[in-house]
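Asker: I'd like to go over a predicted model; first the sequence, then the structure.
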Amino acid sequence: MKTPPAHNWDNNVVLSVEHLTMRFGGLVAVNDLSFNVGRGDITALIGPNGAGKTTVFNCVTGFYKPTEGRIVMRHGEGFQSDKIEALTRTGRQFNDDGDNRVFLLERMPDFEISKRAKVARTFQNIRLFGGMTALENLLVAQHNPLMIASMMTIGGIFNLPGYQKARSEAIDFAAYWLEKTGLIERADDPAADLPYGDQRRLEIARAMCTRPHLLCLDEPAAGLNPRESTELNNLLQYIRKEHGTSILLIEHDMGVVMEISDHVVVLDYGQKISDGSADTVKNDPKVISAYLGVDEDEVAAVEEEIDMPVRHAANTPADTDKGGQS
């Protein structure tokens with residue numbers, strides 16, 4: 001019998017969250033949480049309201065410093081255990097050597113996580129620069145390479161050739177993402193004037209202009225109608241397939257989660273209660289219990305009640321053929 005292949009989140013990890021705990025005084029928002037995000041996977045972090053999902057995002061992206069635990073971002077393939085343990089012992093934030101780079105995110109400030117570790121995020125509440133145009137929002141996301149090309153202002157002031165080239169490339173890249181998100185016709189419109197669904201896609205486009213290895217999306221389908229949700233699904237599949245970007249998302253729309261996710265992690269009261277494929281998770285009694293707000297025993301009882309008539313109906317023809325004899 002052949003051994004089934006390991007899941008991508010087991011054998012090709014881009015992000016690993018290890019024993020993460022976040023306390024706010026006496027409140028434990030996240031308790032000893034561990035999970036992996038596979039390279040090139042779409043991983044969904046789901047759970048009832050107050051389960052700790054956004055707290056996990058804030059720890060991964062540097063807005064919070066976790067009370068305990070380790071958050072490892074890898075740019076090279078494999079677990080790179082030696083580099084990770086060496087970093088942990090020395091107290092350094094990252095090993096930025098060659099292609100196999102390793103970053104301990106819990107030690108890094110948020111701007112370094114975005115700049116060096118290449119982790120980008122969107123927010124549950126849209127945070128665009130409303131007075132700037134859609135194009136300008138995407139150019140702001142490319143601020144770091146533009147500043148380097150401008151030699152920290154002088155190249156931009158005198159419009160030197162190196163800066164001209166970098167600015168032209170930044171505009172082309174922004175136009176590319178405006179095209180892919182269906183916003184190219186609104187490039188010169190203020191972001192605040194765009195419809196809600198367009199603002200959602202613009203925020204994703206802005207995140208992609210930082211060229212992330214990991215894209216963290218906090219409820220990207222919130223407030224979208226069915227057509228817009230379908231467009232979002234297509235966009236996320238494109239980002240994963242064509243750019244190889246790993247995606248970690250928080251989402252309450254189970255239609256979106258089950259359709260596009262390779263891997264689903266379920267939280268309840270800050271603890272992981274399920275971890276696996278979408279099919280595995282949606283049939284897990286613990287998950288059903290958490291979402292329905294009932295005990296697992298009650299879930300089992302309901303399942304038993306549903307199954308009993310089915311089994312009875314299945315047995316009826318056979319009993320009839322035997323003239324009712326056992």
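Answerer: That came through, no problem. Numbers count the residues shown, from 1 in each chain.

Asker: and residue 183, how many neighbours?
Answerer: 22 (other Cβ atoms under 10 Å). No exception for glycine: its C-beta is placed from N, CA and C like everyone else's.

Asker: okay, which residue is most central for this structure?
Answerer: Note on the chain: the residue nearest the mean C-alpha position is residue 248, at 1.3 Å, using Cα atoms, centre = their mean.

Asker: toward the C-terminus, what is the element adjacent to the helix or strand hosting that residue?
Answerer: Assigned by DSSP states H and E, residue 248 belongs to strand 246-250. As assigned by DSSP H and E, the chain's next helix or strand after strand 246-250 is helix 254-260.

Asker: which residues touch that following helix?
Answerer: Residues from elsewhere that reach helix 254-260, judged by Cβ atoms under 8 Å, 6 or more residues apart in numbering: 42, 44, 46, 221, 229, 232-233, 236-237, 249, 251, 264, 278, 282.

Asker: ok, and the most crowded of those?
Answerer: residue 42 (27 neighbours).

Asker: which residue packs closest to that residue, ignoring adjacent ones?
Answerer: In space, and not counting its chain neighbours, residue 42 is closest to residue 247: 4.6 Å by Cβ to Cβ, 6 or more residues apart in numbering.

Asker: do you know how far that neighbour is from residue 123?
Answerer: 15 Å (Cβ to Cβ, to the nearest Å).

Asker: what about those two, which has more around it?
Answerer: Between residue 247 and residue 123, counted using other Cβ under 10 Å, residue 247 has the larger neighbour count: 24 against 16.

Asker: got a list of what that one touches?
Answerer: 41-43, 214-217, 236, 239-240.

Asker: got those residues as a markdown table, with pLDDT columns?
Answerer: A markdown table is the format used below for the contacts of residue 247 (pLDDT from 0 to 100):
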| residue | pLDDT |
| --- | --- |
| 41 | 96 |
| 42 | 97 |
| 43 | 97 |
| 214 | 98 |
| 215 | 98 |
| 216 | 98 |
| 217 | 97 |
| 236 | 96 |
| 239 | 97 |
| 240 | 95 |
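
Asker: closest to residue 82 among these?
Answerer: For the contacts of residue 247, the minimum distance to residue 82 (Cβ to Cβ) is 22.1 Å, reached by residue 214.
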